[in-house]
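A.B. asks: below are the sequence and a predicted model for it; my questions follow.
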Amino acid sequence: MDIAFIVGKFPVASETFILNQIIGLIDRGHNVDVYAKSPNQKGVIHQDIEVYQLQNSTYYDISLSSNLVKRQFQKIKVLLECSWANPRVSLYYLNPLQFGKQAITLNRLCLAAPAIINKKSKYDVIQCHFGLNGLRGLSLRNLKILQGKLVVTFHGSDVSKQLKQYGNDIYTTLWSEADYFLPISEHWKDKIISLGCDEHKTTVHHMGIDCSRFKFKTRSLQADLKVQFVSVCRLVEKKGIEYSIRAIAALVKTHPNVQYTIVGDGIQREYLQHLIRELGMEQYIHLLGWKRQDEVVQILDQSDILVAPSITSQNGDQEGIPVALMEAMAMGMPVVSTFHSGIPELVKDGVSGCLVPEKDVDGLLIKLKYLVENTEEWAKLGKAGRDYVEDSFNIQILNNHLETLYKKLIH
């Protein structure tokens, strides 16, 4: 199959779930092109980008300058590149009888440029990640820039924050014109159906991880060692790291044999660093910034308990199901998280981890204290977590399902 992925920035270190799908489909013999809004200018790039040479099959939108002179030079450059790559198709988008002023100003050509430069427009499937990219994919298909069955994956922010920002009817056209929808949890499936999505062309399709990359080990506390808590996430409001910092600070008062490591970066880093200093926790809580995937795995291997205290942010933004939870559970770690979005579909409270209400510092403290005082529970929770991730969030199984779904949709 020929498959086009419509995404935002690419590659993004925090969106390994998209990369896992792409390389999984490539491994199954399919051709994948990526159409992205912009390259990721900073952050750690996953090693699979280079291994699979995805930079050679990724095509970026033309971002035109607000400066009139620069914008005109950009358009001339696009005209030359497109004319060289595919003169016949370029002429089509320069036809004023077909596209009017959009042709004369070269705006339509700039919109079609990534596909023209790629010399390809026909695909079996156009896979869009996040709702707004679904609208973008639909527009490209309606303009005949790309062709193929349109599949849209909804993750969380696109049916929480963006609904609050743009209104509940933002996806009305998408519900009727796209071919299939893949919400990543039952929670979000119910949400999009309530918004008007056809239940008969909707299936929950989890994001997943490659379990073979995350070695399981039975967790236990060695004598005279500190309990190592860890979080791996972007430092943004919906990750709720403020609340885990406060809970750890309260825990230290009675159980000083703990360390808390936070891996990741984001707009809240300065605020969180200030909070750590304000609470006098510099000795116990450490912000490490972004790390490569192999470094993250090493940190998880050396840690005991993962904390993911997700919340609904003030702008309505919500999680999908955090991949960091899947990775930690695959490695046999007990986890502490919240009753938020699709997280209870992954973490079974009291079985494979512990869940508390959002923003509940006292509830977090109780769960963290329980795990510190009952280290014999770690092995049981960790084994249950690994088993569940292998059964329901294994990327190999999920990619097989995705491949089968695509084939049914095409035929």
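C.D. replies: Yep, it's here. Numbers count the residues shown, from 1 in each chain.
A.B. asks: residue 272 versus residue 364, what's the distance?
C.D. replies: According to CB to CB, to the nearest Å, residue 364 and residue 272 sit 16 Å apart. Yep, even glycine has a C-beta here, placed from its N, CA and C like the rest.
A.B. asks: who's more crowded, those two?
C.D. replies: Counted by other CB atoms under 10 Å, residue 364 and residue 272 do not tie: residue 364 has more neighbours, with 26 against 18.
A.B. asks: next, the contact list for the more buried one, please.
C.D. replies: Taking CB atoms under 8 Å, 6 or more residues apart in numbering, we find residue 364 in contact with 243-244, 247, 307, 309, 336, 356.
A.B. asks: by neighbour count, which of these wins?
C.D. replies: Scoring the contacts of residue 364 on neighbours with other CB under 10 Å, the highest-scoring entry is residue 307 at 30 neighbours.
A.B. asks: wait, a strand at that one?
C.D. replies: Yes: counting by DSSP: H, G, I helix; E, B strand; the rest coil, residue 307 is located in a strand.
A.B. asks: surely it touches residue 227?
C.D. replies: No: under the criterion of CB atoms under 8 Å, residue 307 makes no contact with residue 227, lying 11.5 Å away.
A.B. asks: of all the contacts of residue 364, which comes closest to residue 386?
C.D. replies: Using CB to CB, residue 336 comes nearest to residue 386 of the contacts of residue 364, at 16.6 Å.
A.B. asks: hang on, isn't that closest one packed against residue 366?
C.D. replies: No: contact between residue 336 and residue 366 fails when scored by CB under 8 Å: they sit 10.1 Å apart.
A.B. asks: list residues touching both of the two?
C.D. replies: By CB under 8 Å, 6+ apart, residue 336 and residue 366 have these common neighbours: residue 356.
A.B. asks: before we move on, the earlier item: got CSV for the contacts of residue 364, with distance to residue 223 too?
C.D. replies: Below are the contacts of residue 364 laid out as CSV (distance: CB to CB, whole Å):
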residue, distance to residue 223
243, 31
244, 26
247, 25
307, 24
309, 29
336, 24
356, 29
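A.B. asks: sitting in helices, which of those do you find?
C.D. replies: Per DSSP state H, helices hold the following members of the contacts of residue 364: 243-244, 247.
A.B. asks: quick one: residue 184 from residue 130, how far?
C.D. replies: Separation of residue 184 from residue 130 (CB to CB) stands at 10 Å.
A.B. asks: joint contacts of the two?
C.D. replies: 153-155.
A.B. asks: by neighbours, which of the residues you listed wins?
C.D. replies: Taking other CB under 10 Å as the neighbour criterion, residue 154 ranks highest of these with 27 neighbours.
A.B. asks: next, the residue nearest to that residue when sequence neighbours are not counted: phi, psi?
C.D. replies: Closest residue to residue 154 apart from its sequence neighbours, by CB to CB, 6 or more residues apart in numbering: residue 183 at 4.6 Å. Residue 183 adopts backbone torsions of phi -60, psi 150, taken as degrees, to the nearest 10.
A.B. asks: all numbers from here: first residue = 7
C.D. replies: That works, and once the first residue is 7, the last one we named lands at residue 189.
A.B. asks: count the residues that sit near residue 189.
C.D. replies: Residue 189 has 27 neighbours, counted by other CB under 10 Å.
A.B. asks: and it, what does it touch?
C.D. replies: Residue 189 makes contacts with 159-160, 165, 195, 197-198, 208, 210-211, as judged by CB under 8 Å, 6+ apart.
A.B. asks: helices - which of the residues you listed land there?
C.D. replies: Taking DSSP H, the ones among the contacts of residue 189 that sit in helices are 195, 197-198.
A.B. asks: all helices of the stretch 257-406 of the chain, in order?
C.D. replies: 275-284, 299-307, 329-336, 367-379, 383-398, 401-416 (DSSP state H, counting those that start in this stretch).
A.B. asks: by mean pLDDT, show me the worst of those helices.
C.D. replies: Confidence, taken as mean pLDDT, is least for helix 299-307 of the helices of the stretch 257-406 of the chain (a mean of 94).
A.B. asks: tell me which strands and helices it is in contact with?
C.D. replies: Under the contact criterion of 3 or more CB pairs under 8 Å, 6 or more residues apart in numbering; DSSP states H and E, helix 299-307 touches strand 233-238, strand 264-269, helix 329-336.
A.B. asks: need the ones you listed in CSV (columns: distance to residue 91 and mean neighbour count).
C.D. replies: CSV is the format used below for these (distance: least, CB to CB, whole Å; neighbours: other CB atoms under 10 Å):
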stretch, distance to residue 91, mean neighbour count
strand 233-238, 41, 23
strand 264-269, 41, 21
helix 329-336, 36, 26
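A.B. asks: to residue 387, which of those lies closest?
C.D. replies: The minimum distance between residue 387 and these falls on helix 329-336, with 8.9 Å, by CB to CB.
A.B. asks: tally of neighbours for residue 414?
C.D. replies: Neighbourhood size, residue 414 [other CB under 10 Å]: 9.
A.B. asks: how far away is it from residue 88?
C.D. replies: Applying CB to CB to residue 414 and residue 88 gives a distance of 35 Å.
A.B. asks: who touches residue 255 in this structure?
C.D. replies: Neighbours of residue 255 in contact, by CB under 8 Å, 6+ apart: 285-287, 290-291.
A.B. asks: before we move on, back to that, so which of the helices and strands packed on helix 299-307 comes closest to residue 30?
C.D. replies: Among the helices and strands packed on helix 299-307, helix 329-336 comes nearest to residue 30, with 14.4 Å by CB to CB.
A.B. asks: what does that closest one contact?
C.D. replies: Residues outside helix 329-336 that contact it (CB under 8 Å, 6+ apart): 22-23, 213-215, 217, 220, 222, 236-239, 302-303, 306, 312, 314, 341, 343, 349, 352-353, 358-359, 388, 391-392, 394-396, 399.
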